[in-house]
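Visitor: this is a predicted model, with the sequence first.
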Amino acid sequence: MTLAVKSITKSYRTQTVLNNISAEFTNGVYALIGPNGAGKSTFMRILAGVGKADSGAVYYNGQDIQVMGENYRDRLGYLPQEFSTYPHFTAERFLAYLGKLKGLNKEELPKKINELLVLTGLENERKKKVRKFSGGMKRRLGIAQALLNNPDVLIADEPTAGLDSKERMRFRKMLAEIAAERVVILSTHITSDIESVARRVLLLKNGSIEQNCTIPEMLETLCGEVWTITVSASEANKFEIDHQVTNIRYVEKGAELRIISAVPPHPNATAVEPTLEDVVFQAFDGGFEQ
C-alpha cells in the first residue's frame, strides 16, 4: 500500500504555504513536525482529500485521490485538528451514527464500536453524553471515529492535543498496535509522542520539507554536538547568550544546561546522546511551543 505526494504546492493569496512538496508513505507511522503556521494542517487536509492543492497530486496505489473520490474516502480514516461532535449523543450512539453514515455493516457495527471504545479507553464512558467529556476524552472519541471503517490510511492532525500524559501513552501504544497494516500519518509538535513509534519523521519549515528520514538518521546529524554542564545560576545567563542552550534544569548546585555545539562549550562539559527534541530545537531555531 502506497500513498504518494507529488509536487504539491498550495498558496493563500500571496503566501505560499506548501512549496513543491513530494513524499511517499507505506505501512507504518509517519510524523509531520513543525511549528504552528508551518502548513501542517493544510498538508493533512490535502492528504485527506478535503483540501485541494494548486498544483501537484496525491496518489493512493497509483491512483489520483481526487479522481477516486468516494473510493478513497472508504479507505481513509481522518481526524482533523478541529473535531466536531454531537454533544447530546452518548459516545456509543455517536459512533453508531457515524458508522451508519459510512455505510458500515449494521450487524458488525456494535462489535466494532465496542473494540474501539476499549482501544481508546472509553469503554466505561459509552453511555455518557459527549457534552460531559473532557477535551482529552473528545480527542480519543475522534480517534475512535477515524478507525471505524478499519481504514488503510489514517491521517490525524494533532491527535494528542489536549491529552494528558497517561492518555498520550495509551495513544502511542495504540499506534504501535494498528500501524503494521496501514499507513498512519500524524502531525504534531510534541516530539515525545512519536520518538518510539515513528518510522520516519518529516520536518516542515517555511512550506518545504527540510528533513525526511528515520529518527536514528536524524539523531546522527547531531552526534557529538550535544553537551551538558552544571554551572552557577549567574553563569547560566552568560551561557544562554553565548551558546545554543536547549534546556535549563535548576539543581542543588546551580543550573544544569543542555547545549548544542560543534565543539565543547566548556572544558567541564560532558557529551551526551542527542534526542529528537534537540534536532527540532536546532532545525526550528529554538524549537516551538510544546
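Guide: Okay, I see it.
Visitor: just the helices in the stretch 1-150 of the chain please.
Guide: With helices called from DSSP state H, counting those that start in this stretch, the stretch 1-150 of the chain shows them at 40-48, 65-68, 70-73, 91-101, 109-119, 135-146.
Visitor: deepest of those helices, which one?
Guide: Using mean count of other C-beta atoms under 10 Å, the stretch among the helices of the stretch 1-150 of the chain with the largest mean neighbour count is helix 40-48, at a mean of 23. For every residue, glycine as well, the C-beta is placed using N, CA and C.
Visitor: for L204, give me phi and psi.
Guide: Main-chain torsions, L204, degrees, to the nearest 10: phi -100, psi 120.
Visitor: how about E210, what does it touch?
Guide: Residues near E210 by C-beta atoms under 8 Å, 6 or more residues apart in numbering: L203, L204, A283.
Visitor: may I ask which of those residues has the most neighbours?
Guide: With neighbours taken as other C-beta atoms under 10 Å, the top of the contacts of E210 is L204, carrying 25 neighbours.
Visitor: list the contacts for it?
Guide: L32, I33, G34, A38, G39, K40, F43, E210.
Visitor: can I get these in JSON lines including pLDDT?
Guide: Converted to JSON lines, the contacts of L204 look like this (pLDDT from 0 to 100):
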{"residue": "L32", "pLDDT": "95"}
{"residue": "I33", "pLDDT": "92"}
{"residue": "G34", "pLDDT": "87"}
{"residue": "A38", "pLDDT": "84"}
{"residue": "G39", "pLDDT": "90"}
{"residue": "K40", "pLDDT": "91"}
{"residue": "F43", "pLDDT": "96"}
{"residue": "E210", "pLDDT": "89"}
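Visitor: pipe these into JSON lines and attach distance to P151 per row.
Guide: Formatted as JSON lines, the contacts of L204 follow (distance: C-beta to C-beta, whole Å):
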{"residue": "L32", "distance to P151": "18"}
{"residue": "I33", "distance to P151": "23"}
{"residue": "G34", "distance to P151": "24"}
{"residue": "A38", "distance to P151": "25"}
{"residue": "G39", "distance to P151": "23"}
{"residue": "K40", "distance to P151": "20"}
{"residue": "F43", "distance to P151": "18"}
{"residue": "E210", "distance to P151": "29"}
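Visitor: mark which of those residues are part of strands, please.
Guide: Mapping these onto strands (DSSP state E) picks out L32, I33, E210.
Visitor: what is the nearest of the residues you listed to R168?
Guide: Nearest to R168 among those, counting by C-beta to C-beta, is I33 at 15.4 Å.
Visitor: count the residues that sit near that closest one.
Guide: I33: 28 surrounding residues under other C-beta under 10 Å.
Visitor: so it makes contact with L203?
Guide: Yes: judged on C-beta atoms under 8 Å, I33 makes contact with L203 at a distance of 5.5 Å.
Visitor: common neighbours of those two, please.
Guide: Taking C-beta under 8 Å, 6+ apart as the criterion, I33 and L203 both touch V280.
Visitor: kindly list the longest helix within the protein.
Guide: Using DSSP state H to define each element, the chain has its longest helix at helix 165-178.
Visitor: state the mean pLDDT of that one.
Guide: For helix 165-178, mean pLDDT is 82.
Visitor: and it, what's buried?
Guide: In terms of neighbour count (16 or more other C-beta atoms under 10 Å), helix 165-178 has its buried residues at E167, R168, R170, F171, R172, M174, L175, I178.
Visitor: ok, residues contacting that helix?
Guide: Contact with helix 165-178 is made by 29, 119-121, 136, 139-140, 143, 147, 154, 159-160, 163, 184, 186, 190, 192-194, 196-197, as judged by C-beta under 8 Å, 6+ apart.
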